Each structure stands twice: as C-alpha cells, then as structure tokens.
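Undergrad: Got a predicted structure plus its sequence, pasted below:
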Amino acid sequence: MPATPTLWDLVARRAAHTPDAPALIQGAESARHERRITFGALRARAERVAAGLYERGVRPGSRVVWQLPTRIETVLFSLALARLGAVQSPVVPLYRDHEVDQVLRRTRAAFFAVPGTWRGVDHTAMARRLAPGLPGPLTVIEAYDTLPDGDPAVLPAPPADGDAVRWIYWTSGTTAAPRGVLHTDHSLLTAGGRLAEALRIEPSDVGSMAFPYAHVAGPDYTVMLLLHGIPAVLLEHFALPGSLAAYRRHRVTLAGGSTAFYALFLAEQRRLPPGRRLLPSLRLLAGGGAPRPPELYHEVVAELGCQLAHGYAMTEAPMVTMGDPSDHPAHLAATDGRPPDGMEIRIAPGSGEILLRGPAVCRGYLGEPDPFDADGFLPTGDLGYLTDTGHLVVTGRLKDIIIRKGENISAQEIEGLLHRHPDVADAAVIGLPDPERGERVCAVVEQPPGADELTLASVAAYLRARGLAPHKLPEQLEVLPALPRGATLRKVLKGELRERFAGGKCQDPRAAVRTHRP
C-alpha cells in the first residue's frame, strides 16, 4: 500500500510541472518594494533553508515553534521544516510572553524561530526571557530577511508518511487557554484540496493572503496554490486603503479571510463615487471563521460587484463547508455551504451540536484525552442544522447560549438582527451573570462614523419591530469605539467582553446603556 503523500511531495510535483510560474508575491504599497518567487525557486530555496536548519541541529521529528509574519521567508521556513519532517508549531506574531511560554512548554520545543524586532516588539528578547524558565534547552533562530542556508546534499531523504502528526496549531484561546491541535500533512492537504474545489479555482486566478500565515489557513491556502499552480499576493500587514495598491497592481481575483474582511472592503467601496469598482479584477470574496449576516452577502454582491462564498471551518478542521460561487443566492446568503466529499457532519440530537468526521479533521489535542465519540466524530462546540439541500446553517455556539430565567436564548440570532440596524457597524451579544435571572442579555455594539446615538429603548424597539420575542431583548447596552478582536481572523473576543462588563450591575435593566469613548 503506497504511503500517503506529504506536503513536500506536492511542492516537488508543482516545481517539476511549472518551475517558472510565479508562486508568491510579497505585496507592498510601492511596486519597487515588492518581491516574488517562482514555484521552482520555492522548492530550491526551501531545500537550502532545510539544509541550513539541519546543520543547526533540526532533525526529522524535532519540535520547532515559529512566530513569523506573512512573508515569503515564512513560507520558505515552513516548507523547509516540511522537507525535514520536523514537527512545527506556528504561533501568530501578536502573541506575547504569556501565550508563547505556554506553547514552548507544552510542545517541549527545542527550537524557536522569531522575526527579531517586528512592529516595535523585540521577539528575540522575549525568547531569551522565556528560555531560562523552560524545562529544556531552546535554540533561538532569527528568520526574517535572512534564513539559514546550507547544501542540500547533507539532507536525509524527505519524509514518506503523510499520516504522521507534524503540525501543532493553536486555537485562539478566546474563552480559555489555547489548545494544541494536532494535524498531519494528509489532513492539511485534504482541506486545501477541498477548498480549491469549492472555490472553483481557474488558471487565471490570483489569490491573496492578508491573514497571519501562522493561522491554519496558511497551509490550507498554500496547498490550493500548489495544486493549481496559481500565485498569491502576501501582505505582511493588511490595512485599507494602503493594501489596495497591491491588489490592483497584481489584479487579485480571490480575496477575503473572514466577515471582518468583507466589511472592511465594503466600507472602502462606499467611499468611492457611484459606478467605480474598488477592485475591478476581484471575482470572489471567500472566508469563514465568524458568522456572516445574510444582508452582508447581498451588499457585497451589489456594491463590490463580485461573488461572496462563506464557509464554516475551524482550527480542528480547516475545511468543513464552503459556499459554491455558482450556488443559488438564497443559499449563499443564508447558509455556510455544503460539505465536500469525505466530510461527514452529524447533528447531535437534543443539543444540536455539530459533530465532524473525515480526513480533514485533526487527530486530537496535544496532551489531552481522545476527544472523539464512539463513532469517531469530533464535537465542535458549535450549534447548527442541515437543510434538505445538504447546506449547513451554523446558529451559534454552546457557550453562546444565554440562559435567562431557564429559557435558552441564541446570541447569534440577536446579533443577526442588530447587524441590520443602520446605526450599528458590528455587534456582539453576551450573557452576563445576574442574581435574579441567572444571566441577562447584554448587547455590545460598535457604531459607524456619523451614526445617531443609540439608546437601549430604541434598540429594543428596533428588535421588537423585527419580531424578536420579548424575553430575548437586551437588558444592557454597551457602546464601544471598536469591539476587541483576535489576532488571526479578527473574531470578536467575547471572553474579554464578558470579563469587562460582568461586574457592572444592571440597576435598571430596561434603561441601562453606557457609551465608552476612546
């Protein structure tokens, strides 16, 4: 029985097939600061980096933590580790001492790659602060402009088994300590391949990576590029309108990341004169990782002039469902797409929890008991249902159910209605401890520039008019300049909101509103 293909097998195959085709473009506001690399050079350079790492002591099975930004060098470093068969654990660059210390300890890493000083933070100094307190020795490698380099002749044979656990990704830790998610080359190759099929990749496509490459979406997207031989623009720091120049210069056709990215592009489009498209080459916005209100789909299609395909994914399964760009608008607007071949979805009776089984699902969690049920399905903590057409609708999280006086209330249902309010740019609904009700419903909103001041009474009236049951109405309203977001796909950090507002006792639930200025 042949061994399961590895990521390096895919790199070698693509380099042999289209060695001179562009693979990665380092985007910048100015063309003279951009760099690019072909698929052939990607393989050759990654092998030299692998040799340099080998000469520094990295071996097959060595545990290497890396905390690097979205750059060509980061992709090379990761592919070099894949060539060696090392176990790599990517960490988003915005993590600091507390989170990084946990990762280094729990992985028992012998090597830690950092970008030196990046965006004002000295990551090398952080690594040296943490090293003395770790249980074993730690070699710190700076990998930004300069990468280790060596003669590929010293390298052992490439890894042969794609089913070995060689990746440890970390959940966001928005509600608890981060968990190490165990992946294989096979699970990541499956996810990337299914993503490419769902998005209906075309030979003329140009992708983009504006999210942290250390997120599990990094290899997901890289596999898609390698399978189809299309290039992608990498953005080390995504900010609009500054990043638009690179999108336009390279005629990007695929963009996205999460709901927050859709909203950012839409806001820029609305600053332009009527009839002028923000990105004329863009054919598809795609992403997942956070709820997408149905009206946002219609706004993107009408105003940005492209299709929007939203999906459901998680660190444990980078591709679960994805909207098909050719699907009916009603399905694209109101569902999270359909699962690809091989992905099984089961809805747990009673709770409505989404359970997953398939080759793109992780192997479990680092240092934790087997999380799978008796049939091999992974509980996700998310709630949802499957339609008659096989589309998945995610309705919220188990932890996002607010229990008020014994009644279950879906935070996502209220958020979906609030997103339609003209004076609400974004909203998060949370449950706060309440001695009389068990939990009370608190709406935390972010307003667009020039919006009218919100009151709890006006918000409640708006929700009533849209048919929300009285017992679900918010009893507390907090207005923030900006909702706190995670470092990867900009998810709203509800844990921070609960911690911040849990102590604010609601004296008059039907009139409680506080506005927080910068």
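TA: Happy to help now that I have it.
Undergrad: ranges for the strands of the stretch 201-350 of the chain?
TA: Assigned by DSSP state E, counting those that start in this stretch, the strands in the stretch 201-350 of the chain fall at 207-209, 232-234, 254-257, 284-287, 307-314, 317-322, 344-347.
Undergrad: can I get these in TSV with mean neighbour count and mean pLDDT?
TA: To be clear about C-beta, it is placed using only N, CA and C from the backbone, and glycine gets the same treatment. As requested, the strands of the stretch 201-350 of the chain are exported to TSV (neighbours: other Cβ atoms under 10 Å; pLDDT from 0 to 100):
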stretch	mean neighbour count	mean pLDDT
strand 207-209	25	97
strand 232-234	25	98
strand 254-257	25	91
strand 284-287	23	95
strand 307-314	24	95
strand 317-322	28	96
strand 344-347	16	98
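Undergrad: Could you dump the ones you listed into CSV and include distance to A80?
TA: Putting the strands of the stretch 201-350 of the chain into CSV (distance: least, Cβ to Cβ, whole Å) gives the following:
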stretch, distance to A80
strand 207-209, 18
strand 232-234, 17
strand 254-257, 26
strand 284-287, 28
strand 307-314, 26
strand 317-322, 21
strand 344-347, 35
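Undergrad: Nearest to R129, out of those?
TA: Of all the strands of the stretch 201-350 of the chain, strand 232-234 sits nearest to R129, with 29.4 Å by Cβ to Cβ.
Undergrad: From A443, how far off is K405?
TA: 18 Å (Cβ to Cβ, to the nearest Å).
Undergrad: Between these two, which has more neighbouring residues?
TA: Shown here are K405 and A443; by other Cβ atoms under 10 Å, A443 has more neighbours (26 against 12).
Undergrad: which stretch of helix or strand covers the closest residue to the more buried one other than its chain neighbours?
TA: Nearest non-adjacent residue to A443, counting by Cβ to Cβ, 6 or more residues apart in numbering: P474, 4.0 Å away. Assigned by DSSP states H and E, P474 falls within no helix or strand.
Undergrad: measure P474 to G431 for me?
TA: Applying Cβ to Cβ to P474 and G431 gives a distance of 11 Å.
Undergrad: One more: L53?
TA: According to Cβ to Cβ, L53 and G431 sit 48 Å apart.
Undergrad: Look at these two and report which has more neighbours.
TA: L53 (28 against 22).
Undergrad: Give the buried residues for stretch 189-196.
TA: L189, T190, A191, G192, G193, R194, L195, A196 (16 or more other Cβ atoms under 10 Å).
Undergrad: on that earlier part again, which neighbours do P474 and G431 share?
TA: V441, C442 (Cβ atoms under 8 Å, 6 or more residues apart in numbering).
Undergrad: just checking, Y247 touches V233?
TA: Yes: between Y247 and V233 there is a contact under Cβ atoms under 8 Å: 6.9 Å.
Undergrad: Common neighbours of these two, please.
TA: In contact with both Y247 and V233: G27, S208, using Cβ under 8 Å, 6+ apart.
Undergrad: which of the buried residues of stretch 189-196 lies closest to T321?
TA: The nearest member of the buried residues of stretch 189-196 to T321, counting by Cβ to Cβ, is R194 at 9.7 Å.
Undergrad: Tell me the secondary structure at that closest one.
TA: Secondary structure, DSSP: H, G, I helix; E, B strand; the rest coil: R194 is helix.
Undergrad: ok, now which ones touch it?
TA: R194 neighbours (Cβ under 8 Å, 6+ apart): M319, M322, P340, D341, G342, M343, A360.
Undergrad: Any chance of those residues in JSON lines with distance to Y262 as columns?
TA: Listed next are the contacts of R194 as JSON lines, based on distance: Cβ to Cβ, whole Å:
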{"residue": "M319", "distance to Y262": "19"}
{"residue": "M322", "distance to Y262": "15"}
{"residue": "P340", "distance to Y262": "22"}
{"residue": "D341", "distance to Y262": "27"}
{"residue": "G342", "distance to Y262": "28"}
{"residue": "M343", "distance to Y262": "24"}
{"residue": "A360", "distance to Y262": "24"}
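Undergrad: Check the model's average confidence along the helix or strand hosting V459 for me.
TA: In this assignment (DSSP H and E), V459 forms part of helix 456-465. For helix 456-465, the mean per-residue pLDDT is 93.
Undergrad: helices or strands up against it?
TA: On a contact count with 3 or more Cβ pairs under 8 Å, 6 or more residues apart in numbering; DSSP states H and E, helix 456-465 meets helix 411-418, strand 476-480.
Undergrad: Could I get the pLDDT score of I403?
TA: Model confidence at I403 (pLDDT) stands at 76.
Undergrad: and the helix or strand hosting it, which residues are buried?
TA: Per DSSP H and E: I403 is located in strand 401-404. Buried residues in strand 401-404, counted by 16+ other Cβ under 10 Å: I401, I402, R404.
Undergrad: I'd say the second one and A411 touch.
TA: Same thing as I402. Yes: proximity of I402 to A411 meets the contact threshold set by Cβ under 8 Å, at 6.0 Å.
Undergrad: Give me the common contacts of these two.
TA: Shared contacts of I402 and A411, counting by Cβ under 8 Å, 6+ apart, come down to V429, I430, G431.
Undergrad: For R194, see how far away the last one is.
TA: Going back to what we said before, that points to G431. Taking Cβ to Cβ, one finds G431 at 35 Å from R194.
Undergrad: Likewise for R251?
TA: 26 Å.
Undergrad: now L225
TA: 15 Å.
Undergrad: Repeat that for E415.
TA: The gap separating E415 from R194 is 28 Å, by Cβ to Cβ.
Undergrad: Quick one: the strands in the stretch 351-500 of the chain, in order.
TA: 353-357, 378-386, 392-397, 401-404, 407-410, 426-434, 438-446, 476-480.
Undergrad: buried stuff in the second one?
TA: Yep, that's strand 378-386 we're talking about. For strand 378-386, burial by neighbour count (16+ other Cβ under 10 Å) applies to L378, P379, T380, D382, L383, G384, L386.
Undergrad: could the buried residues of stretch 189-196 go into a markdown table alongside distance to T315?
TA: Below are the buried residues of stretch 189-196 laid out as a markdown table (distance: Cβ to Cβ, whole Å):
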| residue | distance to T315 |
| --- | --- |
| L189 | 16 |
| T190 | 15 |
| A191 | 11 |
| G192 | 15 |
| G193 | 18 |
| R194 | 16 |
| L195 | 15 |
| A196 | 20 |
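Undergrad: want to throw the residues you listed into TSV with distance to P219 and pLDDT?
TA: TSV is the format used below for the buried residues of stretch 189-196 (distance: Cβ to Cβ, whole Å; pLDDT from 0 to 100):
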residue	distance to P219	pLDDT
L189	9	98
T190	11	97
A191	8	97
G192	7	97
G193	12	97
R194	13	96
L195	11	95
A196	13	95
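Undergrad: Now flag whichever of those residues is closest to R166.
TA: Proximity of the buried residues of stretch 189-196 to R166 (Cβ to Cβ) peaks at L189, which lies at 11.8 Å.
Undergrad: That closest one is in what secondary structure piece?
TA: helix 185-199.
Undergrad: for that helix, the distance to its chain's centre please.
TA: The chain centroid and the centroid of helix 185-199 are separated by 15 Å under Cα atoms, centre = their mean, to the nearest Å.
Undergrad: angle of it against strand 307-314?
TA: 160 degrees (axes from the mean of the first three to the mean of the last three Cα atoms, to 10 degrees).
Undergrad: Can I get helix 185-199 in CSV? Just the C-alpha atoms.
TA: Taking C-alpha atoms only, helix 185-199 is exported to CSV below (Å, rounded to 0.1, in the frame of the first residue of the first chain):
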residue,chain,number,x,y,z
ASP,A,185,0.2,16.6,6.1
HIS,A,186,-2.7,14.5,4.9
SER,A,187,-5.3,16.4,6.9
LEU,A,188,-4.0,19.8,5.7
LEU,A,189,-3.6,18.6,2.0
THR,A,190,-7.2,17.3,2.1
ALA,A,191,-8.5,20.6,3.5
GLY,A,192,-6.6,22.7,0.9
GLY,A,193,-7.7,20.4,-1.9
ARG,A,194,-11.3,20.6,-1.0
LEU,A,195,-11.1,24.4,-0.6
ALA,A,196,-9.8,24.7,-4.1
GLU,A,197,-12.6,22.5,-5.5
ALA,A,198,-15.2,24.6,-3.6
LEU,A,199,-13.9,27.9,-4.9
